[in-house]
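Novice: requesting a structural model of the entry that follows:
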Amino acid sequence: MAYKNHQDNLRYGREYYKKNRLIMLENNRKHYKENRERSLSRIRKSKYGISLEEYKKMIRNQKNKCAVCFTKLIGDRNRHVDHNHKTNKVRGLLCKKCNLALGLLNEDLKIIQGLIKYLRKYEH
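Specialist: Below you'll find the predicted structure:
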């Protein structure tokens, strides 16, 4: 139902959501499940600015391996688009572990180099 007054329209939407929240969530889950590839493609496009074709090209160029540890990337849950958080420029595809590590280290080269130096010190 459309209202002439924008505030009434917003109020109606909020009330409708409260009454039908569970049904709407279930419908969203069902739609996502039925249209998974399309949904993921739309998310990648909006978050990183890359199309499905560009994403598939990245997979081929990296031979479906993590750009850091070179383990095979199996499925979308273990395949993460790595990007610079300041420029939003896509760098490559990483496995879940490497993506988490990079994020936990704040993509800070000084910390990463310090960690390498530390590991080398106790290597033997």
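Novice: for the least confident helix or strand in the chain by mean pLDDT, which residues meet the burial criterion?
Specialist: Each helix and strand of the chain was given a mean pLDDT (mean pLDDT, DSSP states H and E); the minimum falls on helix 36-48 at a mean of 86. By neighbour count on 16 or more other C-beta atoms under 10 Å, the buried set for helix 36-48 is S41, R44, Y48. Where C-beta positions appear, they are placed from N, C-alpha and C, glycine not excepted.
Novice: other residues contacting that helix?
Specialist: The contact list for helix 36-48 (C-beta atoms under 8 Å, 6 or more residues apart in numbering) reads H31, Y32, I50, S51, L52, Y55, D76, V81, H83, N88, V90.
Novice: can you redo those residues as TSV with secondary structure and neighbour count?
Specialist: Listed next are those as TSV, based on DSSP: H, G, I helix; E, B strand; the rest coil; neighbours: other C-beta atoms under 10 Å:
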residue	secondary structure	neighbour count
H31	helix	12
Y32	helix	12
I50	coil	17
S51	coil	12
L52	helix	14
Y55	helix	19
D76	helix	12
V81	strand	17
H83	strand	16
N88	coil	10
V90	strand	18
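Novice: out of those, who's nearest G114?
Specialist: H83 (23.5 Å; C-beta to C-beta).
Novice: to the chain's geometric centre, what's the distance from stretch 114-124?
Specialist: Remark: stretch 114-124 is offset 31 Å from the chain centroid, using C-alpha atoms, centre = their mean, to the nearest Å.
Novice: sweet, I'm off.
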